[in-house]
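Peer 1: would you be able to build a 3D model of this:
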Amino acid sequence: MIAAAARLFQRDGYAATGWRDVVEAGSTPWGSAHHHFPGGKEQLGAEAVALGSARVLAALEECLAVAPDVAAAVERWFALAATNLRDSQFECGCPVATVALETATSAPTLGAACADSFRSWRTRLRAAFEDAGIATAQADEFACQVLAALEGGLLLARTWREVRPLELAAAGVAAAIRAAPTIQAAPGPTIQAAPALQPPVPLWRPLESDL
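Peer 2: Here you go, the predicted model:
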């Protein structure tokens with residue numbers, strides 16, 4: 001039932017999806033729906049958002065695991081979003097944003113679920129940028145910029161029914177990431193060779209860590 005709700009909310013929005021729609025789509029007995037979700041539609045919505053968010057995060061993890069660098073991973077993540085949108089005939093955008101736009105200020109439980117979802121993506125992206133050697137402050141800024149570009153690209157792509165906005169957004173953030181300065185490891189202490197003595201003495205062999 002949660003999976004059915006996630007699909008319907010992603011496609012049609014929260015307000016336009018009723019209990020009956022979810023029950024029918026999930027082939028769930030009417031009584032079971034109220035039994036498992038005593039908090040009503042808002043509780044179901046929060047759990048559906050969490051499910052959709054977990055799937056998006058899993059896609060990001062897959063991209064980070066297979067891409068050669070973090071910029072390529074971001075490009076791959078955007079490409080997956082574009083593919084999913086195109087395959088759905090531009091009906092299914094972000095599983096979190098569709099609900100967030102309707103409920104961020106009107107339904108506290110759902111608003112918190114949406115905020116937590118975006119926050120989890122931002123946290124994972126920031127960690128990936130830090131792992132790539134980008135300073136923490138800039139890594140967090142990049143994470144926010146990537147999410148803004150992804151959500152804006154999805155909105156325009158779905159509205160215009162073409163994936164070009166997502167492609168341009170991906171190219172822009174990837175270029176910025178590749179141009180970012182990275183933190184270089186501090187060099188170890190340099191040991192100067194002792195001056196030659198008369199008569200000369202053999203010089204010590206530097207340790208491999210000093211080479």
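Peer 1: which residues touch the closest residue to residue 178 other than its chain neighbours?
Peer 2: In this structure, residue 178 finds its nearest non-sequential neighbour in residue 71, 4.9 Å apart by CB to CB, 6 or more residues apart in numbering. All C-beta atoms are positioned from the backbone trio N, CA, C, and that covers glycine. Residue 71 sits next to 174-175, 177-178 when contact means CB atoms under 8 Å, 6 or more residues apart in numbering.
Peer 1: neighbour-wise, give me the winner out of those residues.
Peer 2: Using other CB atoms under 10 Å as the neighbour test, those are led by residue 177, with 24 neighbours.
Peer 1: quick one: low-confidence parts of the chain?
Peer 2: Residue ranges of the chain with pLDDT under 70: 26-35, 184-211.
Peer 1: and the residue nearest the centre of it, how far is that from residue 41?
Peer 2: Note on the chain: the residue nearest the mean C-alpha position is residue 121, at 3.8 Å, using CA atoms, centre = their mean. Using CB to CB, to the nearest Å, residue 121 is found at 25 Å from residue 41.
Peer 1: quick one on the thing from earlier: the residue nearest to residue 178 and residue 77, how far apart?
Peer 2: 11 Å.
Peer 1: now do residue 19
Peer 2: 33 Å.
Peer 1: settle it for me: which of these two has more neighbours?
Peer 2: Comparing residue 19 with residue 77 by neighbour count (other CB under 10 Å), the higher total belongs to residue 77, at 23 against 16.
Peer 1: host element of the closest residue in space to the more buried one that isn't next to it in sequence?
Peer 2: Closest residue to residue 77 apart from its sequence neighbours, by CB to CB, 6+ apart: residue 63 at 4.6 Å. For residue 63, the enclosing helix or strand under DSSP states H and E is helix 40-66.
Peer 1: elements contacting that helix?
Peer 2: helix 2-12, helix 70-87, helix 97-103, helix 108-131 (3 or more CB pairs under 8 Å, 6 or more residues apart in numbering; DSSP states H and E).
Peer 1: swap in 10 Å and give it another go.
Peer 2: Contact partners of helix 40-66 among helices and strands, from 3 or more CB pairs under 10 Å, 6 or more residues apart in numbering; DSSP states H and E: helix 2-12, helix 19-26, helix 30-36, helix 70-87, helix 97-103, helix 108-131.
Peer 1: so which of the ones you listed gets nearest residue 46?
Peer 2: Closest to residue 46 of the helices and strands packed on helix 40-66 is helix 108-131 (CB to CB; 4.0 Å).
Peer 1: next, the angle from that closest one to helix 40-66.
Peer 2: Computed with axes from the mean of the first three to the mean of the last three CA atoms, to 10 degrees, the direction of helix 108-131 lies at 10 degrees from that of helix 40-66.
Peer 1: now the helix or strand following helix 108-131: buried residues?
Peer 2: Beyond helix 108-131 on the C-terminal side, the first helix or strand identified by DSSP H and E is helix 136-160. Buried residues in helix 136-160, defined by neighbour count with 16 or more other CB atoms under 10 Å: 138-143, 145-147, 149-151, 153-158.
Peer 1: what angle do the helix or strand just after helix 136-160 and helix 136-160 make?
Peer 2: Once the chain leaves helix 136-160, the next helix or strand it forms, by DSSP H and E, is helix 164-179. Between helix 164-179 and helix 136-160, the angle comes out at 170 degrees (the same axes, to 10 degrees).
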